[in-house]
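Participant: model the following, please.
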Amino acid sequence: MTLTEMRYIVALARERHFGKAAETCHVSQPTLSVALKKVESQIGAPLFERSSSDIRITPLGERIVAQATRVLEEAVKLEEIADATGDPLSGQLRVGIIYTIAPYLLPQMIPALNREAPKMPLFLKEDFTANLIPALKAGELDVIVIALPFAEPGLVAQPVYDEPFRVVVPAGHAWASRPDVNGDELDGQNLLLLGQGNCFRDQVLESCPRLNAPDALEHSLEGSSLETIRYMVASGAGVAVMPSTAADPLIAKEPMVKVLPFAGVQPKRTVGLVWRVTFPRLQAIDAVRAALLSCPLPGAKAVRQGSA
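Facilitator: Now for the predicted structure:
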């Protein structure tokens, strides 16, 4: 089994979808399918169970994927040793970024990073944290931009900026004329949240402890993205908690909503960079950090290096 075939199998196990796995590996779906059939033929047993609506990994497949993952991680370390002598600011940098950060950061980060490192073209991938982490460990990405805290052996996490949360309500809501909102008041409101598995949803619930009580989310509704939630608020469907980079621009451009700060201590998230300990291009990481800090992100405050 070649390293390329291992990458295909690991990607398919993670994505559970031939098309998405092929996209991750930058190959066509038929190429990935042919490679998988070849490996299964060599082994003499299926690694995945296919149906019209689902792909499930077999017990044998789980064992092989686990071993292949370890092999690929070691192969990445060898490649990084070989790459250590090159120009760290030359050559493609593969950056992953979570959905709730990308739309608000990338329009500013891309030109800023181009100024910092004009010889370093970007490959960008948006996804959930749970998918970006294994892609980073497998060497498919070089650095990711996610919400912290995060800690895992073999990976380095560095905070870059803090971003406060805002409460966004319809313009006709009873709170619209108020200066701020207490987090406990969200209990009992028609709260609009991102779906299960999204880390920002979890951060919202953590910032408002009463929302974790039984039946506290009885009147909640879900949206697929922060932009969808924005339109739901504007339509009067409920209220939402959003990061300042998504919420503050609405003050000037969206008359159908009102953006309010939290009263007292502001709940927030810390946005940071995560990369492999063995990644040799540390100047590239520094360039990404400098680019992020140069972006005038609404409400964001830089975290000094060495701070948690």
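Participant: report pLDDT for the closest residue to Ser220 other than its chain neighbours.
Facilitator: Leaving aside its chain neighbours, Ser220 sits nearest to Leu191 (4.5 Å; criterion: C-beta to C-beta, 6 or more residues apart in numbering). Yep, even glycine has a C-beta here, placed from its N, CA and C like the rest. As predicted, Leu191 sits at a pLDDT of 89.
Participant: buried set for stretch 77-95?
Facilitator: Lys77, Glu80, Pro88, Leu89, Leu93, Arg94, Val95 (16 or more other C-beta atoms under 10 Å).
Participant: for the chain, which segments count as helices?
Facilitator: With DSSP state H as the criterion, the chain has helices at 3-15, 18-25, 29-43, 59-83, 102-116, 129-137, 199-207, 226-234, 244-247, 250-253, 282-294.
Participant: got the buried residues for the first one?
Facilitator: Residues of helix 3-15 classed as buried: Glu5, Met6, Arg7, Tyr8, Ile9, Val10, Ala11, Leu12, Ala13, Arg14, Glu15 (neighbour count, 16+ other C-beta under 10 Å).
Participant: quick one: list the elements packing against it.
Facilitator: Applying 3 or more C-beta pairs under 8 Å, 6 or more residues apart in numbering; DSSP states H and E, one finds that helix 3-15 makes contact with helix 18-25, helix 29-43, helix 59-83, helix 129-137.
Participant: so who does the nearest residue to Thr100 once chain neighbours are set aside touch?
Facilitator: Distances taken as C-beta to C-beta, 6+ apart put Phe200 closest to Thr100, at 4.5 Å, once the chain neighbours are dropped. Contacts were defined as C-beta atoms under 8 Å, 6 or more residues apart in numbering; by that measure Phe200 touches Thr100, Ala147, Leu194, Leu226, Pro243, Arg269.
Participant: list the buried residues for the lowest-mean-pLDDT helix or strand in the chain?
Facilitator: Sorting the helices and strands of the chain by mean pLDDT, DSSP states H and E puts helix 59-83 at the bottom, at a mean of 84. Residues of helix 59-83 classed as buried: Gly61, Ile64, Val65, Ala68, Thr69, Leu72, Glu73, Val76, Lys77, Glu80 (neighbour count, 16+ other C-beta under 10 Å).
Participant: so Gly272 bridges to which residues?
Facilitator: As for beta bridges, Gly272 partners with Ile146, Pro159 under DSSP bridges.
Participant: what residue ranges in the stretch 101-250 of the chain score low on pLDDT?
Facilitator: By pLDDT under 70, the weakly predicted segments of the stretch 101-250 of the chain are 214, 216.
Participant: contacts only, for the residue nearest to Ser220.
Facilitator: With C-beta under 8 Å, 6+ apart, Leu191 has these contacts: Leu211, Leu217, His219, Ser220, Leu221, Gly238, Val239, Ala240, Val241.
Participant: so which of the residues you listed is the closest to Tyr161?
Facilitator: Lowest distance from Tyr161 to these (C-beta to C-beta) belongs to Val241, with 18.4 Å.
Participant: gap between the closest residue to the closest one other than its chain neighbours and Met1?
Facilitator: Leaving aside its sequence neighbours, Val241 sits nearest to Val204 (C-beta to C-beta, 6+ apart; 4.6 Å). For Val204, the distance to Met1 (C-beta to C-beta, to the nearest Å) stands at 43 Å.
Participant: name the residue in the two with the higher neighbour count.
Facilitator: Between Val204 and Met1, counted using other C-beta atoms under 10 Å, Val204 has the larger neighbour count: 24 against 16.
Participant: quick one: the more buried one from Leu193, how far?
Facilitator: For Val204 relative to Leu193 (C-beta to C-beta), the value is 7 Å.
Participant: do Ile43 as well
Facilitator: Taking C-beta to C-beta as the measure, Ile43 and Leu193 are separated by 43 Å.
Participant: cool, and Gly139?
Facilitator: Counting by C-beta to C-beta - Gly139 and Leu193 are separated by 34 Å.
Participant: quick one: buried residues of stretch 161-181?
Facilitator: 161-170, 173, 175, 181.
Participant: the spatially closest residue to Tyr161 that is not a sequence neighbour - how many residues pack around it?
Facilitator: Leaving aside its sequence neighbours, Tyr161 sits nearest to Ala300 (C-beta to C-beta, 6+ apart; 4.5 Å). Using other C-beta under 10 Å, Ala300 has 23 neighbouring residues.
Participant: so Ala300 sits right up against Ala247, yeah?
Facilitator: No - the pair Ala300 and Ala247 does not pass the contact test of C-beta atoms under 8 Å, sitting 11.9 Å apart.
Participant: mind giving me the domain split of this structure?
Facilitator: For the chain, automatic domain parsing gives the domain ranges 3-83, 93-161+269-302, 163-268.
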